[in-house]
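Trainee: give me the fold of what follows.
(one chain, ligands or ions: 2)
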Amino acid sequence: EKNILNIDLSSAKEELIEIYPKKVAKKRSKAIVVADPDNIPEIQANVRTIPGIITQRGCTYAGCKGVVLGPTRDIINITHGPIGCGYYSWLTRRNQTRPSENEPNFMTYCFSTDMQDSNIVFGGEQKLKDAIREAYELFHPKAIAVFSTCPVGLIGDDVHRVARQMKEEIGNGINIFGFSCEGYRGVSQSAGHHIANNQLFRNLIGNDDTVNATHKYRINVLGEYNIGGDAFVIDELFNKCGIQVVATMSGNSTVEQFETAHTADLNLVMCHRSINYVAEMLETSFGIPWMKSNFIGADACAKSLRKVGKYFGDPELIARIEEVIAEEMIPVIEAREKAKLKTNGKTAMLFVGGSRAHHYQELFDELGITTLCAGYEFGHRDDYEGRRVIPSIQIDADSRNIEQITVTKDETRYKPRKTEEELKALEAEGLEFNGYDGMMAEMKKGSLVIDDLSHYEMEKLIEKYHPDVFCAGIKEKYCVQKMGIPLKQLHNYDSGGPYAGFAGAVNFYKDIEQIACCSIWKEMKAPWESEEYVEAVYAAV
Ligand code: CFM
Ligand code: HCA
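Mentor: Ligands and ions are numbered 1, 2, ... in the order given. Below is the predicted model:
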């Protein structure tokens, strides 16, 4: 049967955890489940990694500064902390931007207070003030954002107070705000997304009611970060269909896009994990409905475009969307057929962040490649089990240290885009608002789903099931390749991309065909396999 995996992974779980101490094994076993789309199992997710285990996760600061705010070009993002935090979150994600002439682009700079020992002892607020003054004098930005790193939280510098004071001192309409996104604040990047969402909503979104309409139909694309130029492709696609993207959050974004985002008529949510809070707040406050979309995979992309057509319900728009799909699919089918001759029947494993391990399964499906195992680093249960399966009240139960801001209807500016009845009618036609399937609903029965995969578990999986391609990030890349398995980075796409949209699918087919069907990997021998090596000798007890 098509939906059943033809490799038996049923013993994998036991093998992965057998080496762990009893308590650890018990805990890890809850994060490893066998997928069954007809009866979606519960999975443990968004919990603290057990100390001692090598996780692939990152920190809360990374999720806030690097991920959500990083791709905005005209805010000066100052990292208040040691220089490493600023440096290692500086464009490593390959998020691209395209300023028009005379528009500033601060993304090519790395701003940091470069805290030293004396700042830790005597406090760093003064240094932060100086940094803000200096940044303003040099660049005259519209906005400055300040990000707290671990030591800032530990010594108690108040970035919010400094931001308020400096906003007043500089004046000239400048917007300055801080983020309490200390690295340790959550269990992963995910907490940083939430903190970023809250502050974006408080400090930027909805600040400007100007409607700059270039098209009749106006949407926001949320949870798209323009890695490798993905947002450029999506923007162009909507433009071709006659739809205006008011704001992308936050790929290729500007202060103006954030400030006017509340004037759009629909929110499409790509990476739900990182931006769902903004989607919900825009709905509550301004009446903009949201639905999930996926532009990874040509078929998924066509489906998402059709959803937008259906939402607006204009036959002319729907016809235009069909024309665009038909035209875009010609090179896609050609490239797919060509690649598939080699890729069909191969296997993949995907372990990435909080949405790509799900979305990229579409592209692998299109190539006839089966996903054996997949998992997120920091997804929540809803990302795995689906929002329909879990009542929403539980969704954020595990984000304990994050401020839950209460947003109310903005009485004077709330404009329902559709009536309740209209939304219900659209839902009856298959459009789904505020709900979606998680990763597990779309995986083959018998495949393995693992949350927060440890380095050890990764090695075990590879030794045992040697997939044709392993997808993850830079921490995994060279370890996996030394085992003779090609690794495709699904975070920064290595040097490739864009992979979104139809044009992106063509790029992906080509890249995967090259990497997964290349015989060189079978020739790989790790040095320790062919050379003698000195084994550690332990002192006798
Ligand atoms: Fe969303 Fe992202 Fe991802 Fe993410 Fe990330 Fe990223 Fe990712 Mo790296 S916002 S959850 S925190 S899709 S940076 S662009 S690739 S882990 S799967
Ligand atoms: C982050 C960013 C990251 C890291 C990728 C990787 C990204 O989480 O801080 O580990 O290779 O996409 O750049 O996810």
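Trainee: other residues contacting the host helix or strand of Tyr360?
Mentor: Assessed by DSSP states H and E, Tyr360 sits inside helix 356-366. Around helix 356-366, the neighbours that count as contacts under Cβ atoms under 8 Å, 6 or more residues apart in numbering are 271, 294, 296-300, 336, 348, 350-352, 370-371, 374-376, 379, 383, 438-439, 442-443, 471, 490-491, 499, 505, 508-509, 512. From N, CA and C alone the C-beta is placed, and that goes for glycine too.
Trainee: same check, this time on stretch 322-331
Mentor: 237, 240-241, 298, 302, 305-306, 309, 501-503, 506.
Trainee: which of these sits closest to Glu531?
Mentor: Nearest to Glu531 among the contacts of stretch 322-331: Val506, at 42.0 Å, using Cβ to Cβ.
Trainee: test my guess that that closest one contacts Ile333.
Mentor: No. Look at Val506 against Ile333 with Cβ atoms under 8 Å: they stay out of range, at 9.9 Å.
Trainee: quick one, which of those two is more surrounded?
Mentor: The residue with more neighbours, out of Val506 and Ile333, is Val506; 20 against 11, by other Cβ atoms under 10 Å.
Trainee: the more buried one sits in which helix or strand?
Mentor: helix 501-516.
Trainee: what's that helix packed up against?
Mentor: Where contact means 3 or more Cβ pairs under 8 Å, 6 or more residues apart in numbering; DSSP states H and E, helix 501-516 is packed against helix 230-241, helix 298-312, helix 315-343, helix 356-366, strand 469-472, strand 487-489.
Trainee: now whichever helix or strand comes after it, how far from the centre of its chain.
Mentor: In the C-terminal direction, the helix or strand that comes right after helix 501-516 (DSSP H and E) is helix 520-523. Put simply, helix 520-523 sits 32 Å off its chain's centre (Cα atoms, centre = their mean, to the nearest Å).
Trainee: can I get helix 520-523 in PDB, CA atoms only?
Mentor: In PDB, the C-alpha atoms belonging to helix 520-523 read as follows (Å, rounded to 0.1, in the frame of the first residue of the first chain):
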ATOM      1  CA  ILE A 520      31.300   9.200  -4.500                       C
ATOM      2  CA  TRP A 521      29.700   8.800  -1.100                       C
ATOM      3  CA  LYS A 522      30.100   5.100  -1.300                       C
ATOM      4  CA  GLU A 523      33.800   5.600  -1.700                       C
END
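Trainee: would you mark the buried spots in that helix?
Mentor: Buried positions in helix 520-523, judged by neighbour count with 16 or more other Cβ atoms under 10 Å: Trp521.
Trainee: who's in contact with it?
Mentor: By Cβ under 8 Å, 6+ apart, helix 520-523 touches 481, 484-486.
Trainee: element containing Leu222, please.
Mentor: In the assignment (DSSP H and E), Leu222 maps to strand 217-224.
Trainee: tell me if that strand is near ligand 2.
Mentor: No. Judged by Cβ under 6 Å from any ligand atom, strand 217-224 stays clear of ligand 2, getting no closer than 13.4 Å.
Trainee: contacting residues around the residue in the chain that ligand 2 sits nearest to?
Mentor: Residue nearest to ligand 2 within the chain (Cβ to the nearest ligand atom): Gly473, separated by 2.4 Å. Neighbouring residues of Gly473 by Cβ under 8 Å, 6+ apart: 56, 352, 489-492.
Trainee: can you give me the angle the helix holding Tyr360 makes with helix 315-343?
Mentor: 80 degrees (axes from the mean of the first three to the mean of the last three Cα atoms, to 10 degrees).
Trainee: ok, helix 356-366 near ligand 1 or not?
Mentor: Yes. Counting by Cβ under 6 Å from any ligand atom, ligand 1 has neighbours in helix 356-366: Arg356.
Trainee: for the next helix or strand after that helix, which strands pair with it and how are they oriented?
Mentor: Next helix or strand after helix 356-366 toward the C-terminus (DSSP H and E): strand 370-375. Strand 370-375 has the following strand partners under DSSP bridges: strand 347-351 (parallel), strand 448-450 (parallel).
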